[in-house]
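In: build the 3D model from these lines:
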Amino acid sequence: MHKWSFRVLLVFAASIPLEDSVQFGIGRISKVFGLLALAVWIVAVAASGKIRRPAPAMWLGGAFVAWSGVSYFWSIQPSGTVGKVSTLVQMFGVVYLVWDQVSSQRRLVILMRAWVLGAFAASALTFLAAATGRATEGSRFASNNAGPNNTGALLAVTVAMACYLIRADEDRRFRVLYSVFIPMAMVAVLLTASRTAAISLALGLAIVVVDRRILTVRRVVGLVAAVVVAATLALVYVPQRSVDRLSTTGTEISSGTLNGRTRYWALCLHLFYQRPVQGIGSGAFPDANFRAIGRGTVPHNAFLSILSELGAVGIFLFLAMIAMAAWGLVDQPQARRRTWVAMGATWFVGANSLTWEVRKITWFLLAIALVQARVTHQERRKARSVAASAAAAAAAQPSSDAPEDAPVTPKDVVAPSLT
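Out: Sure thing, here's the model as predicted:
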């Protein structure tokens, strides 16, 4: 039953990058497959009677969700709190689904592979939107019904993940797929015309690529080929208006409002000063924003969103959870650690411009980070056990210079002293 549960988990992981693109009557595709994955997992746990003990970071995550729920009692918008807490409970469920079922490095690679496959489909849908002229917000393109910022930022994170899988995945067919996906996703990011995603993508690639210890001739050739393919696709598909928008990134950062985000961020800080400990209540910012500015939108910053809605307690629990997960990755092998730094950096850029505390990408990355730390520890403990067993076996072997069954000769017998 656990095999079937893991297979459904893979389908769920592949559906997450497409959650805004494909929707059914009951909700997003990721919600449908998430509920199915949860149901099959519950059956598998009931059949085996075993469930993995949560990691310390997961206790902090549970406390963060619980604090969000408790904020209902002082929330300025209780209905908004109920909706957001319901989402956070589902996000925490994503973490436990992954944590309990991914038991080895091989399974972790397969799970990340499923995510990349979903992102590949999202990239293809973005290209399709550009080819058919179905733009959103002027000249910006994204997969069906998806926001260009979320699509672009998610693809930027996935490019860093694919760079790792090119080396880690033993299946050559998928390594070819990753090689196709990376330039394709780079151009898809340009098609979204998301300045956040462009910065995130550039930062992630810089961290992964700019390292002379891994820039072998073969990899340099592959990198140049990817850049050439991406440049060719960009010339064909990316309209000039998207390029013009991306070119304003520096101006927007230095003297602009980042599409009004700075006003929302200032309001977040104002609300935090009013209620520094407990905040205004989970999910209540849109109501406060509507009262203050006349726009009932989210803060477009995960950290400031938590700070204003859940106060110092909430932001502490969230940051402590992230920090504990990151600490578990410190002793990873150099190449793997570098990739995790790239994925973390791209996520951080996205989270500073998007309300990602309620998006599955945040909790999925948290889950696979915790799994990565655990399986690496298990592999090293197993290696030490094997080495210790080998050393004990070698010590138990009789010396070749003095066999145990060698006959005793007269000269080997020493006469006792009579003094």
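In: residue 158 and residue 121, how far apart?
Out: 11 Å (Cβ to Cβ, to the nearest Å). Backbone N, C-alpha and C define where each C-beta goes, glycine included.
In: now for the two: what residues contact both?
Out: residue 17 (Cβ atoms under 8 Å, 6 or more residues apart in numbering).
In: quick one: which of those two has more around it?
Out: residue 158 (27 against 17; other Cβ atoms under 10 Å).
In: surely the more buried one is within a helix?
Out: Yes - Residue 158 sits within a helix when classified using DSSP: H, G, I helix; E, B strand; the rest coil.
In: what sits closest to it if chain neighbours are left out?
Out: Computed as Cβ to Cβ, 6 or more residues apart in numbering, the closest residue to residue 158 that is not its neighbour in sequence is residue 119, at 4.0 Å.
In: which helices and strands sit right next to the helix or strand harbouring that neighbour?
Out: If you go by DSSP states H and E, residue 119 is part of helix 105-132. If you count contacts as 3 or more Cβ pairs under 8 Å, 6 or more residues apart in numbering; DSSP states H and E, helix 105-132 packs onto helix 2-15, helix 148-168, helix 172-192, helix 217-237, helix 360-396.
In: how about a cut-off of 10 Å?
Out: helix 2-15, helix 78-101, helix 148-168, helix 172-192, helix 217-237, helix 360-396 (3 or more Cβ pairs under 10 Å, 6 or more residues apart in numbering; DSSP states H and E).
In: winner for burial among these?
Out: helix 148-168 (a mean of 26; mean count of other Cβ atoms under 10 Å).
In: and the residue nearest to residue 158, what's its pLDDT?
Out: Listed pLDDT for residue 119 reads 95.
In: wait, doesn't it sit right on residue 19?
Out: No - using Cβ atoms under 10 Å, residue 119 makes no contact with residue 19, being 11.6 Å away.
In: what is in contact with those two at once?
Out: Common neighbours of residue 119 and residue 19, counting by Cβ atoms under 10 Å, 6 or more residues apart in numbering, are residue 154.
In: related to what we said a few turns ago, which of the helices and strands packed on helix 105-132 comes out lowest on mean pLDDT?
Out: helix 217-237 (a mean of 71).
In: the helix holding residue 119: which residues count as buried?
Out: Neighbour counts over helix 105-132 (16 or more other Cβ atoms under 10 Å) mark 105, 107-123, 125-127, 129-130 as buried.
In: what of stretch 205-212?
Out: Buried residues in stretch 205-212 (16+ other Cβ under 10 Å): 205, 207-209.
In: what's the answer for stretch 339-350, then?
Out: Residues 339-350 are the ones in stretch 339-350 that count as buried (16+ other Cβ under 10 Å).
In: any idea of the angle the host helix or strand of residue 42 forms with helix 360-396?
Out: Using DSSP H and E, residue 42 sits in helix 29-48. Between helix 29-48 and helix 360-396, the angle comes out at 40 degrees (axes from the mean of the first three to the mean of the last three Cα atoms, to 10 degrees).
In: which strands or helices does helix 29-48 pack on?
Out: Where contact means 3+ Cβ pairs under 10 Å, 6+ apart, helix 29-48 is packed against helix 2-15, strand 23-24, strand 27-28, helix 78-101, helix 360-396.
In: mind putting the ones you listed in a markdown table, distance to residue 151 included?
Out: Below are the helices and strands packed on helix 29-48 laid out as a markdown table (distance: least, Cβ to Cβ, whole Å):
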| stretch | distance to residue 151 |
| --- | --- |
| helix 2-15 | 15 |
| strand 23-24 | 15 |
| strand 27-28 | 14 |
| helix 78-101 | 19 |
| helix 360-396 | 11 |
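In: of these, which is nearest residue 274?
Out: Checking the helices and strands packed on helix 29-48 against residue 274 by Cβ to Cβ gives helix 78-101 as the closest, at 17.1 Å.
In: if we can go back for a sec, how about the helices and strands packed on helix 105-132, which one is nearest residue 31?
Out: Nearest to residue 31, of those and by Cβ to Cβ, is helix 78-101 at 7.9 Å.
In: so how far is stretch 225-234 from its chain's centroid?
Out: What separates the centre of stretch 225-234 from the centre of its chain is 26 Å, taken as Cα atoms, centre = their mean, to the nearest Å.
In: stretch 67-75 too?
Out: 27 Å.
In: next one: stretch 159-179
Out: Using Cα atoms, centre = their mean, the mean C-alpha position of stretch 159-179 is found 16 Å from that of the whole chain.
In: dump it to CSV, keeping only the CA atoms.
Out: Extracted in CSV, the C-alpha atoms of stretch 159-179 (Å, rounded to 0.1, in the frame of the first residue of the first chain):
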residue,chain,number,x,y,z
VAL,A,159,15.6,25.8,-12.6
ALA,A,160,17.9,25.6,-9.6
MET,A,161,16.4,22.3,-8.7
ALA,A,162,16.9,21.0,-12.2
CYS,A,163,20.5,22.0,-12.2
TYR,A,164,21.0,19.7,-9.2
LEU,A,165,19.0,16.8,-10.8
ILE,A,166,21.2,16.9,-13.9
ARG,A,167,24.0,15.5,-11.7
ALA,A,168,21.9,13.6,-9.2
ASP,A,169,19.4,11.7,-11.3
GLU,A,170,20.8,8.4,-12.6
ASP,A,171,18.3,8.1,-15.4
ARG,A,172,19.8,9.5,-18.6
ARG,A,173,16.4,10.2,-20.2
PHE,A,174,15.5,12.6,-17.4
ARG,A,175,18.9,14.3,-17.5
VAL,A,176,18.1,15.1,-21.2
LEU,A,177,14.7,16.4,-20.1
TYR,A,178,16.4,18.7,-17.5
SER,A,179,18.8,20.0,-20.2
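In: now the helices for the stretch 201-350 of the chain?
Out: Using DSSP state H, counting those that start in this stretch, the helices assigned to the stretch 201-350 of the chain run over residues 217-237, 240-246, 249-255, 261-274, 285-292, 302-327, 334-351.
In: closest to residue 42 out of those helices?
Out: Short answer: helix 302-327, nearest of the helices of the stretch 201-350 of the chain by Cβ to Cβ, at 24.3 Å.
In: what about the closest one, average pLDDT?
Out: The model assigns helix 302-327 a mean pLDDT of 96.
In: which helices and strands sit right next to that helix?
Out: Going by 3+ Cβ pairs under 10 Å, 6+ apart, helix 302-327 lies up against helix 56-70, helix 78-101, helix 261-274, helix 285-292, helix 334-351, helix 360-396.
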